[in-house]
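Chemist: Got a sequence here, can you build the structure:
(one chain, ligands or ions: 2)
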Amino acid sequence: MKHLQADVVVLGAGSAGMGAFRNARLHTENVYLIESHVYGTTCARVGCMPSKLLIAAAEARHHALHTDPFGVHLDKNSIEVNGVEVMNRVKAERDRFVGFVVSDVEEWPAERRIMGTAKFVDEHTIQIDDHTQIKADRIVIATGSRPITLPQWENLGDKLIVNDNVFSWETLPESVAVFGPGVIGLELGQALSRLGVNVEIFGVGGHLGGISDPVILQEAIETFSAEVPLRLHSHTEAKLNADGKVEIHWTNDGESGVFVADYLLSAVGRRPNVDNIGLENIDIVKDERGVPIANPLTMQTSIPHIFIAGDASNQLPLLHEASDQGKIAGENAGKFPNINNGLRRSPIGVVFSNPQIISVGTRFSALQDIYGDDLENKVAIGQVSFKNQGRSRVMLVNKGHLRVYADKKTGRLLGAEGFGPSLEHVAHLLAWSHQIGMTVPEMLDMPFYHPVIEEGLRTALRDAASKLA
Ligand SMILES: Cc1cc2nc3c(=O)[nH]c(=O)nc-3n(C[C@H](O)[C@H](O)[C@H](O)COP(=O)(O)OP(=O)(O)OC[C@H]3O[C@@H](n4cnc5c(N)ncnc54)[C@H](O)[C@@H]3O)c2cc1C
Ligand SMILES: NC(=O)c1ccc[n+]([C@@H]2O[C@H](COP(=O)([O-])OP(=O)(O)OC[C@H]3O[C@@H](n4cnc5c(N)ncnc54)[C@H](O)[C@@H]3O)[C@@H](O)[C@H]2O)c1
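Modeler: Residues are numbered from 1 along each chain as shown. Ligands and ions are numbered 1, 2, ... in the order given. Just a heads-up that it's a prediction; the model follows:
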């Protein structure tokens with residue numbers, strides 16, 4: 001067993017861990033980075049990037065199939081999806097992104113990087129497999145998260161898959177049952193469906209794409225279910241049939257049926273990797289999910305020299321949040337005991353479905369928690385439907401609905417939820433306005449070009465402005 005001493009040890013070399021390592025090293029050279037699996041990050045390897053590559057291929061087919069209303073006619077039979085080529089591009093481009101990340105990691109001194117699974121022995125000791133023990137002054141937990149699968153699916157063997165498996169396919173399958181209509185399930189399910197794979201999406205509790213505003217949710221369900229069967233209140237039983245396929249027996253809102261699929265894709269959520277790192281050996285304060293509670297401005301846990309960042313913290317499991325949290329945790333671990341509050345930006349979320357789903361600032365459900373029955377008196381809600389929005393109709397992407405929330409008294413933008421065409425851009429305008437504390441009248445003083453989708457945002461803002469006190 002090798003014994004080392006460190007100022008800072010970072011557990012996990014994902015986006016958060018890399019940021020933590022880089023920033024801790026600005027304060028001390030004596031930092032170690034531990035990785036149990038491979039370099040390259042979840043985002044680049046099996047997350048953000050390959051999912052968007054798959055979606056890009058799906059959009060190409062979708063556009064080719066929907067040119068008729070413009071008077072442009074393609075022979076639909078000639079539109080062929082070559083699954084091998086689709087997956088080759090997804091993997092080749094993905095590998096390019098992963099390559100950049102890996103070369104960043106490999107620029108760091110090899111003796112500072114240790115491969116193996118890290119666990120706490122006590123508050124200052126990290127054990128790595130059975131080969132190394134490090135006594136560390138300060139520790140950053142950046143171990144990420146992993147997909148959840150349910151025990152009742154264990155009998156499905158290799159027909160039960162998660163997002164990681166999708167991105168190693170040689171070609172596209174014929175059919176997939178997607179469980180979980182959240183962010184991952186909707187993005188992957190719709191993309192596969194648009195590529196010609198037979199997809200059905202199963203959910204519980206009526207949720208879709210993380211939407212919390214009931215007005216947006218209802219319209220989004222109508223829009224997406226016109227394209228992919230959504231069974232959002234389902235009771236299901238899944239088993240392997242004699243052909244080795246997955247047979248889903250389902251009931252949903254009084255209907256029932258059987259869906260036979262090549263795979264069951266589990267997208268029912270992700271679990272922070274903190275249940276397997278020896279937290280039982282340290283006296284750290286955890287939430288009801290067993291995740292160490294941390295101050296979101298310093299990323300410091302209840303044990304002052306232990307910090308946490310990224311998906312492991314379960315605060316906002318998104319890439320830019322993992323980078324920000326990693327930077328804050330690394331910097332504070334590096335200069336501990338002098339720690340500072342780091343920059344936390346306005347919340348922004350984009351689901352890369354089509355239409356895209358967005359949320360900014362305080363979501364509708366959080367406003368309900370804050371104001372309860374008084375919500376109507378306190379919050380001005382402005383809205384726009386994209387059905388008749390000029391540019392959206394021009395482009396034939398006129399589906400969606402946006403609601404913006406403003407403080408009735410001050411006019412300040414509180415948040416927004418919606419779905420609609422290319423709303424990733426509108427989400428950024430809203431998030432930037434939210435972060436600098438703009439009021440709705442101030443936002444309306446900003447320029448809006450014509451004809452653009454952002455004019456839809458202006459309609460929603462004007463509606464909100466008319467309801468301010
Ligand atoms: C399909 C999918 C699509 C996504 N799309 C988007 C998107 O479009 N936009 C967006 O913002 N976010 C997206 N995300 C979320 C984003 O990928 C994550 O929030 C982000 O990658 C989390 O980074 P992290 O550093 O916390 O975790 P990771 O990158 O997972 O890093 C954690 C690292 O810790 C290692 N590790 C775990 N346990 C140990 C241990 N005990 N010892 C040592 N090492 C350990 C792991 O091997 C891993 O390398 C997506 C996620 C998925 C799954
Ligand atoms: N575009 C993006 O930014 C992006 C893309 C992908 C992932 N992510 C991140 O990854 C996180 C995890 O995504 P996710 O989709 O795994 O989780 P999620 O929490 O968004 O969705 C899980 C869904 O599964 C449903 N569900 C739970 N139990 C179920 C069951 N037994 N059967 C059927 N459905 C069930 C839930 O109701 C929910 O709708 C997201 O919260 C997001 O932060 C972001």
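
Chemist: okay, now the domains of the chain?
Modeler: Per automatic domain parsing, the structural domains of the chain span 2-36+116-146+271-335, 151-268, 348-465.

Chemist: Quick check: end-to-end length of stretch 371-380?
Modeler: Using Cα to Cα, to the nearest Å, the end-to-end distance of stretch 371-380 comes to 12 Å.

Chemist: ditto for stretch 78-88
Modeler: Its first and final residues considered, stretch 78-88 spans 21 Å by Cα to Cα.

Chemist: Please apply the same query to stretch 197-217.
Modeler: Using Cα to Cα, the two ends of stretch 197-217 sit 25 Å apart.

Chemist: residues touching the residue nearest to residue 27 when sequence neighbours are not counted, list them.
Modeler: Leaving aside its chain neighbours, residue 27 sits nearest to residue 334 (3.1 Å; criterion: Cβ to Cβ, 6 or more residues apart in numbering). The way it works is simple: take the backbone N, C-alpha and C, and place the C-beta from them, glycine included. By Cβ atoms under 8 Å, 6 or more residues apart in numbering, the contact list for residue 334 reads 7, 8, 23, 24, 25, 26, 27, 28, 31, 138.

Chemist: Just to be sure, residue 334 is in a strand?
Modeler: No - Residue 334: not assigned to a strand; according to DSSP: H, G, I helix; E, B strand; the rest coil it is helix.

Chemist: How much space separates it from ligand 1?
Modeler: Residue 334 sits 18 Å away from ligand 1, going by Cβ to the nearest ligand atom, to the nearest Å.

Chemist: Which of the domains of the chain sits closest to ligand 2?
Modeler: Among those, the nearest to ligand 2 by Cβ to the nearest ligand atom is domain 151-268 (1.8 Å).

Chemist: Let's see the distance spanning the closest one from one end to the other.
Modeler: Using Cα to Cα, the end-to-end distance of domain 151-268 comes to 12 Å.

Chemist: Quick one: name the residues of this structure near ligand 1.
Modeler: With Cβ under 6 Å from any ligand atom as the criterion, the chain comes near ligand 1 at residues 11-17, 34-37, 41-43, 47-48, 51, 117-118, 142-144, 163, 184, 273, 277, 310-312, 317-320, 322.

Chemist: Show the buried residues in those.
Modeler: Neighbour counting by 16 or more other Cβ atoms under 10 Å classes 11-17, 34-36, 41-43, 47-48, 51, 117-118, 142-144, 163, 184, 273, 277, 310-312, 317-319, 322 among these as buried.

Chemist: and residue 453, how far is that from ligand 1?
Modeler: Going from residue 453 to ligand 1 by Cβ to the nearest ligand atom gives 20 Å.

Chemist: so what's the closest residue to that residue other than its chain neighbours up against?
Modeler: In this structure, residue 453 finds its nearest non-sequential neighbour in residue 391, 5.1 Å apart by Cβ to Cβ, 6+ apart. Residues in contact with residue 391 (Cβ under 8 Å, 6+ apart) are 451, 452, 453, 455, 456.

Chemist: who wins for most neighbours among these?
Modeler: residue 456 (27 neighbours; other Cβ atoms under 10 Å).

Chemist: Can you tell me how far that one is from residue 382?
Modeler: Distance, residue 456 to residue 382, using Cβ to Cβ, to the nearest Å: 11 Å.

Chemist: for residue 412, same thing?
Modeler: 13 Å.

Chemist: same thing with residue 216?
Modeler: In terms of Cβ to Cβ, residue 216 sits 13 Å off from residue 382.

Chemist: which neighbours do these two share?
Modeler: residue 403.

Chemist: Could you tell me the model confidence score at the residue in the stretch 201-350 of the chain positioned nearest to ligand 1?
Modeler: Here the stretch 201-350 of the chain gets closest to ligand 1 at one residue, residue 310, 2.3 Å apart by Cβ to the nearest ligand atom. Looking at residue 310, its pLDDT stands at 98.

Chemist: Many thanks, have a good one.
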